[in-house]
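Asker: Here's my sequence, what's the structure:
(chains A and B)
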Amino acid sequence: MMVSLDEQEVIQSAVREFSESELKPLASKIDSDAMIPAELFQKLASIGIFGITCTQQYGGAGTSFETMMRVVSELGRVSASVALTCLNHNLACSILNDFGSEQQKSLLHELASCRKIAAVTVPQNLSSNPAKISYTLHNDEYILNGTKQYVVNGSFADVCITICGSNADVEFLIVEKGTEGFVQNTQIGLLGVRASGITHIQFHNVKTLQDRTIGTKEDAPKILQLLQEGIWLGLSSIALGIAKASLDAAVKYANQRVQFGKPIAKFEAIQEMISNIANDIQSTSALLDRIFRMKDHGKTKLNDCVTAKIIATSAAAKSAIFALKIHGGYGFIRDYPVERFVRDAKAIEILGGRNSDLRKITARKVLG
Amino acid sequence: MMVSVNFTDEQNTLRQLVREFLESEILPTVEYYDKTEQFPISNIEKIAKQQLMGINIPREYGGAGYSEIEYGILIEEFGRICSAHGTIVGAHLGLACTPIRLFGTEDQKLKYLPSMSRGEKLGAFALTEPAAGSDAANIRTTAEKSGDEFILNGNKIFCTNGDKADVIIVFAANNRALGPAGGITAFIVEKGFAGFSIGKVERKMGIRASTTAELVFENCRVPKENTLGQLGAGFRVALITLDGGRIGLAAGALGAAEKTLETTISFVRQEAFGSSLAEKQSVQWMIADSAMEIHAARLVVYNSLLELDKYFKIIAKGEKVPKDFRERISRNSAIAKTYVSEIASKIIDKAMDIHGELGLVEGYGLERAYRDSFIAEIYEGTNEIQRMVIARDILGISGP
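Answerer: Prediction:
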């Protein structure tokens, strides 16, 4: 089901309102405690943005991919941790919703209501660590072995969609919390996106029945594509949110702060930084809009998503640093949100694969 | 003036000893102090035992009697292991001991420098105020003469070591109408003086083991013999002190950059998944760029320190400094601080990219270096202000 443009705007503005009133007051604490409080998950569930792309019969809103991305971007404007957790959960939901068997889809009821949180591990080219989970098929059981590093939602996920094998020969398996040999380590302390449950998960002879495989062999490349596009565009959307938040903070401070007898916004050097942030936001938004439009027509190319990831995440990292510099000493103080924007933006830039590695994908495409 | 930096054997030995001491005694604790945001008092005691808290203070005042070069070596070595510790020692030596050494009376030097050299008393420097950050001349803290005392009123913010310091160099307006030219005076304030108290202690993005505090002066009574330098000459005291401070700060950033490059080199040499990152051209370029920048930065830092040493010696003797020398020191100090802090940030940022997710992990060291890196571009005058100073000096124009 496609949601109309109007509906998309309604959802986006509802999420913005929620983010401003409910999420913003908690954002700093979520970062310093490195934890998303359970009550917040309930609130996020009640406005329906976890599992938003699931069809309505499973408790979702059946929204488009683009709407989900806009929701993630709005959350990212306030809390990158919550946005990243939401993105990963929703991508897992989308995979189950679009490719799962009827029996597997029964999980969606709990995922769309946030009673359970999902994680999905990333394909090999979306991490600086290309380790893979190996699988062997024994009768009708899969046996999984290996470690997947830096899995978003990994420490607290109830359901983990696990990519096994290499990208050329890939299987997607549902592994649930508590399965024997499935180890979810505690969250790793990180520079940014500190509350997204990022951790290493281990598989020691994890046995899972064949009916836990999502989709057919023919579906596998499609799931892989959904995941790659979803993560790259999702990180881009969060990055856009951080850049917008950085602009808001920079503008507010530059207009308020008086030095040498005038607001610092009057100084050309400050204007130049603010202009750089604003220009980056404009170009990133335009790029993402274009990709979403193409996606609606089924014409997205993976290469475009790579471009978006590089452009958007570098823009966010730069924008947040400009905002910090405009704040001077106050930018370094944790009472102000800009230092968190800088940390979150850097983490978002690094997740999803090194930009230097991703540039190779662009180069290959351009060079033919 | 062309100067060349060739470290003497003694200086190389000192660097080696300092490095061994810091790596064995201090480095194992720095992540703990960063995480808990505690002031590393026992580390400061250990550093003091090595006679490093008075490294560039003359022997007659209880120091080790080394030059600014050795001070730079010390701060650079601190930069390699922990910028927060470097900040504590840098503020103590570069911003508190130095102005007493340069502008203090014989009595003041004898009273304060020996215990500061031994690290028994910690120093701080209080210039910044809520309304006087980049616009440092706009200070509102007042000093009113009352008999044999000055009465200080006002608030200072972002004071490194502020809540832990025993001796604080405080700048106050004795005559606001005169402004920086004759209206600001420096005072030596002891933490026990009546009317002095600690306000808010900040929680920061980085250099978390160092403390940054607000200082409150409510009818704080300072004996007139604690005036540092001439009445009304305080702004000059501040500017000259900061000219030195910035070069020390650049030395710290240099150390952080070098250490990060070394960490990155060993990381990319590791074999993983059948190849090493060192084979990648994008990685090689980063290594090459960083090496070039560090090479240039080292020349900038030690060249500036050599000049600074001459400059400070002239001032300490009470002799007049030629105008062009003073201006060159200010400009080169701004250049050193801005250039080195920025290449350090860039090198640390690129090292994060090369490391991938590992660079984000607490405890590995890079994550802390990244959080710490931003402050060098901000404190002791933001890099935006430094660019203003450099350009104004070159173009011969005044005003912001």
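
Asker: now the helices: where do they sit in the stretch 151-300 of chain A?
Answerer: A:220-256, A:268-296 (DSSP state H, counting those that start in this stretch).

Asker: Most tightly packed of those helices?
Answerer: With neighbours defined as mean count of other C-beta atoms under 10 Å in any protein chain shown, those peak in mean count at helix A:220-256, which reaches a mean of 23. For glycine as for every other residue, the C-beta is placed from the backbone atoms N, C-alpha and C.

Asker: Now render the helices of the stretch 151-300 of chain A as a markdown table, adding mean pLDDT.
Answerer: As requested, these are exported to a markdown table (pLDDT from 0 to 100):
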| stretch | mean pLDDT |
| --- | --- |
| helix A:220-256 | 97 |
| helix A:268-296 | 94 |
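
Asker: Can you lay out these as TSV showing distance to chain B?
Answerer: Shown next, in TSV, are these (distance: least, C-beta to the nearest C-beta, whole Å):
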stretch	distance to chain B
helix A:220-256	12
helix A:268-296	5
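
Asker: now for these, which one comes closest to B:Leu17?
Answerer: Closest to B:Leu17 of the helices of the stretch 151-300 of chain A is helix A:268-296 (C-beta to C-beta; 43.1 Å).

Asker: So which elements touch the next helix-or-strand element following the closest one?
Answerer: Using DSSP states H and E, the helix or strand that follows helix A:268-296 towards the C-terminus is helix A:302-326. Helix A:302-326 is packed against helix A:220-256, helix A:268-296, helix A:338-350, helix A:355-367, with contacts defined by 3 or more C-beta pairs under 8 Å, 6 or more residues apart in numbering or on different chains; DSSP states H and E.

Asker: can you give me the strands for the stretch 51-200 of chain A?
Answerer: Assigned by DSSP state E, counting those that start in this stretch, the stretch 51-200 of chain A shows strands spanning A:118-120, A:134-138, A:141-151, A:159-164, A:171-176, A:182-184, A:199-209.

Asker: most packed of these?
Answerer: strand A:118-120 (a mean of 29).

Asker: re the thing from before, I'd like the helices and strands packed on helix A:302-326 laid out as a markdown table, including distance to B:Glu262.
Answerer: Formatted as a markdown table, the helices and strands packed on helix A:302-326 follow (distance: least, C-beta to C-beta, whole Å):
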| stretch | distance to B:Glu262 |
| --- | --- |
| helix A:220-256 | 30 |
| helix A:268-296 | 32 |
| helix A:338-350 | 21 |
| helix A:355-367 | 20 |
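
Asker: Dig out what B:Ala213 forms beta bridges with.
Answerer: Listed beta-bridge partners, B:Ala213: B:Cys159, B:Val201 (assigned using DSSP bridges).

Asker: how does the chain divide into domains?
Answerer: No chain was given, so I picked chain A. Structural domains annotated on chain A: A:5-117, A:119-212, A:220-367, as defined by automatic domain parsing.

Asker: hmm, I had chain B in mind actually
Answerer: Split by automatic domain parsing, chain B gives B:9-122, B:124-228, B:234-395.

Asker: Find the closest residue to chain B in the stretch 51-200 of chain A.
Answerer: A:Ser128 (2.2 Å; C-beta to the nearest C-beta).

Asker: Tell me how many other residues surround that residue.
Answerer: 22 (other C-beta atoms under 10 Å in any protein chain shown).

Asker: end-to-end on stretch B:114-129?
Answerer: End-to-end distance of stretch B:114-129 (C-alpha to C-alpha, to the nearest Å): 30 Å.

Asker: For it, which residues meet the burial criterion?
Answerer: Neighbour-count burial for stretch B:114-129, counted by 16 or more other C-beta atoms under 10 Å in any protein chain shown, picks out B:114-117, B:119, B:121-129.

Asker: ok, of those residues, which one's closest to A:Met294?
Answerer: Using C-beta to C-beta, those come closest to A:Met294 at B:Thr128, 51.3 Å.

Asker: Skip the chain neighbours and tell me the closest residue to A:Leu235.
Answerer: Residue nearest to A:Leu235 in three dimensions, not counting chain neighbours: A:Gly352, with 4.7 Å by C-beta to C-beta, 6 or more residues apart in numbering or on different chains.
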